[in-house]
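> A predicted structure for the sequence below; I have some questions about it.
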Amino acid sequence: MKPFVAKSNLRHQQRVDVTTDITIEKSDGCCLTCQVSNLSRSGVMIACDQETAKQLVPSMLTPSPGKWIEVKTRFTVPVLPTQPVTVLADANIVHMRRVAKDEFQVGIQFSDFEGNGFDYVDRYVAKLMADARHSTYEARQ
């Protein structure tokens, strides 16, 4: 089965707040575990401290288009409440910003998913968005 290639329209994908761990493997084989702050069908935003940000983006500057930093990502999403699946995706670090003294956000864009990874992320994001809409509707009643 041919892996799905994510589209590059980062700003057009709806994001959902998610708190989960993600493992990021750099090209040198170094693996870092970080905290996801939001997830979309096209990528993930992580929150990290300055030391981790520097390991991911040594220049501490947002990568310019075409000079993105290639990484591999591994995280889980619940297909069913009791059945999480691991999603493996090749990705690129495309954004970095400082949000507090020792807090940074790093934006990672998916480029290729292994197996059914895109379908799992797509279903999970759709479910969280539907749950949020349902909660908003109930709050108005």
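Done, it's in. Numbering: from 1, shown residues only.
> only C-alpha atoms for contact and neighbour calcs from this point on.
Will do.
> for D28, pull up the helix or strand it's in.
Assessed by DSSP states H and E, D28 sits outside every helix and strand.
> for it, give its distance to Q50.
Using CA to CA, to the nearest Å, D28 is found at 20 Å from Q50.
> any idea what the residue most central in space within the chain is bridged to?
Against the mean C-alpha coordinate of the chain, by CA atoms, centre = their mean, the closest residue is V44 at 1.8 Å. V44 forms beta bridges with L39, I108, as assigned by DSSP bridges.
> quick check, it in contact with C34.
No - here V44 does not reach C34: they are 11.2 Å apart, not a contact under CA atoms under 8 Å.
> the longest strand seen in the chain - contacts with which helices or strands?
Counting residues, the longest strand in the chain under DSSP state E turns out to be strand 83-100. Applying 3 or more CA pairs under 8 Å, 6 or more residues apart in numbering; DSSP states H and E, we find strand 83-100 packed against strand 69-80, strand 103-113, helix 117-140.
> go again with 7 Å.
Counting contacts by 3 or more CA pairs under 7 Å, 6 or more residues apart in numbering; DSSP states H and E, strand 83-100 is packed against strand 69-80, strand 103-113.
> show me what counts as buried in the longest one.
For strand 69-80, the neighbour count (16 or more other CA atoms under 10 Å) marks I69, E70, V71, K72, T73, F75, T76, V77 as buried.
> which two of those have the greatest separation?
Distances among the buried residues of strand 69-80 were taken as CA to CA; the most separated pair is I69 and V77, at 24.1 Å.
> beta partners of M96?
V106.
> if I pick it, what's in contact with it?
Applying CA atoms under 7 Å, 6 or more residues apart in numbering to M96 gives the contacts L61, T62, Q105, V106, G107.
> same thing but at 6 Å, please
T62, Q105, V106 (CA atoms under 6 Å, 6 or more residues apart in numbering).
> rewinding a little: surely the residue nearest to the centre of the chain meets F110?
No - counting by CA atoms under 6 Å, V44 does not reach F110; the two are 7.9 Å apart.
> still on that earlier bit, reformat the helices and strands packed on strand 83-100 as TSV; add distance to D122 and mean pLDDT.
TSV is the format used below for those (distance: least, CA to CA, whole Å; pLDDT from 0 to 100):
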stretch	distance to D122	mean pLDDT
strand 69-80	10	93
strand 103-113	12	96
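> fine by me, thanks again.
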